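Visitor: The following comprises the amino acid sequence and a computationally predicted model.
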Amino acid sequence: MPTHVSVDAMAAAYAAQAVAAAREFGADLDYSEDSLRRVEEILSRLQQQTPAAARTQEELDETCKTWGSYLGEVVRRRFKGTWSIETYPGKQFATLTLSVGGSKLFPSMKVHRRLTQGESDNVWTFYQMVKARLEASPQAGAALIQ
């Protein structure tokens, strides 16, 4: 089986976990771009309720994979992206990576920054920027969108 199939399945499973977890916050996620507004609200609540510093590294990693996969799945479905696992630029670890329109996105890393840096790393605002870039230039080159 090609590697991307198992990575696709893994990202889809994490995204499904986000859909289930969102119900605990009274939110229904449907993979629409507007659902990312609700994801931002949930991440804001998570950050306020349990700051990243109060989580174990494993808990933080799982939270980032779950919500990052949902964010990535919304982008992938809208813009026909492909999941892979790649080394994060300049770092020594691999992470879920979404290739779309000639760009690479690292949605789990975006969620990590949202949980550790706060409102300045708003995922709804991030999605709006990604959408604008991809709609303006579907083949944006090998840009990194972080």
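Guide: Sure, I can see it.
Visitor: Run through who's touching whichever helix or strand I42 is part of.
Guide: With elements delineated by DSSP states H and E, I42 resides in helix 35-49, which encompasses its position. In this structure, residues lying in contact with helix 35-49 by CB atoms under 8 Å, 6 or more residues apart in numbering are 18, 21-22, 25, 27-29, 63, 67, 70-71, 74, 111, 114-115, 118-119, 122-124, 127. No exception for glycine: its C-beta is placed from N, CA and C like everyone else's.
Visitor: Next step: these restricted to helices.
Guide: 18, 21-22, 63, 67, 70-71, 74, 111, 114-115, 123-124, 127 (DSSP state H).
Visitor: which one of those sits closest to A11?
Guide: The closest of those to A11 turns out to be Y70 (CB to CB; 9.1 Å).
Visitor: Let me know whether the closest one touches S32 as I believe.
Guide: No. Contact status for Y70 versus S32: not in contact, 11.5 Å apart, counting by CB atoms under 8 Å.
Visitor: ok, these two, which is more surrounded?
Guide: For the pair Y70 and S32, the greater number of neighbours falls to Y70 (28 against 12), based on other CB atoms under 10 Å.
Visitor: Excluding covalently adjacent residues, which one is nearest to A18?
Guide: In space, not counting the residues next to it along the chain, A18 is nearest to Y70; the distance is 3.7 Å by CB to CB, 6 or more residues apart in numbering.
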